[in-house]
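Undergrad: any chance you can model this:
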Amino acid sequence: MTERRARVTRLYQSGMRDQYRIAEALGVSTATISRDIRALEAQWREEAARDIAAARGEMLARHHDLRKGLATAARVGDVQAVKATLAIDAEDAKLMGLYAPEKREVAGADGEPLKIVIERMAREASE
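TA: Below you'll find the predicted structure:
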């Protein structure tokens with residue numbers, strides 16, 4: 001199974017997304033390929049989550065070192081050091097997910113709802 005999944009990975013990542021073609025190339029059923037791809041995608045998500053957590057930890061550690069370097073100057077009232085410390089704190093809060101997500105509106109031309117733009121495009125295409 002490990003060798004097959006390695007071959008599925010190579011085919012899938014090289015751009016072959018048709019499970020029937022992958023199954024045919026490997027001489028197995030499409031159900032087997034479907035299970036393999038689901039398992040591989042779960043594995044890739046876990047690996048990505050670990051990589052993101054490691055990068056976040058490294059960045060937080062760098063921020064900690066920067067904050068320590070600024071601490072003395074900030075304590076005696078150095079405005080630039082205080083501003084830099086506050087900026088680092090804000091970045092840390094973002095990295096740790098302490099801010100609520102920002103709502104973003106997606107709109108068409110002139111702020112119209114996107115649905116209207118899509119309907120108009122479909123109508124113009126059929127004319």
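Undergrad: what ranges do the helices span in this protein?
TA: 2-13, 19-26, 30-75, 79-95, 114-126 (DSSP state H).
Undergrad: now for Tyr12, how many residues are close by?
TA: Neighbours of Tyr12 under the rule other CB atoms under 10 Å: 19. The way it works is simple: take the backbone N, C-alpha and C, and place the C-beta from them, glycine included.
Undergrad: for Arg120, same thing?
TA: Number of residues near Arg120 (other CB under 10 Å) recorded here: 13.
Undergrad: and it, how far from Asp89?
TA: According to CB to CB, to the nearest Å, Arg120 and Asp89 sit 47 Å apart.
Undergrad: how about Ala49?
TA: According to CB to CB, Ala49 stands 25 Å off from Asp89.
Undergrad: same check on Gly111?
TA: Between Gly111 and Asp89 the computed distance is 35 Å (CB to CB).
Undergrad: more neighbours: these two, which one.
TA: Between Gly111 and Asp89, counted using other CB under 10 Å, the more crowded position is Asp89 (12 against 7).
Undergrad: next up, the contacts around the more buried one.
TA: Arg67 (CB atoms under 8 Å, 6 or more residues apart in numbering).
Undergrad: what does the one 5 residues further on give?
TA: By CB under 8 Å, 6+ apart, the contact set of Lys94 is empty.
Undergrad: let me see the contact set for His63.
TA: 88, 91-92.
Undergrad: now the buried members of these.
TA: Neighbour-count burial (16 or more other CB atoms under 10 Å) applied to the contacts of His63 gives 88, 92.
Undergrad: please convert the helices of the chain to JSON lines, extending it with mean pLDDT and distance to Ala107.
TA: Formatted as JSON lines, these follow (pLDDT from 0 to 100; distance: least, CB to CB, whole Å):
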{"stretch": "helix 2-13", "mean pLDDT": "93", "distance to Ala107": "36"}
{"stretch": "helix 19-26", "mean pLDDT": "94", "distance to Ala107": "37"}
{"stretch": "helix 30-75", "mean pLDDT": "95", "distance to Ala107": "30"}
{"stretch": "helix 79-95", "mean pLDDT": "95", "distance to Ala107": "26"}
{"stretch": "helix 114-126", "mean pLDDT": "70", "distance to Ala107": "6"}
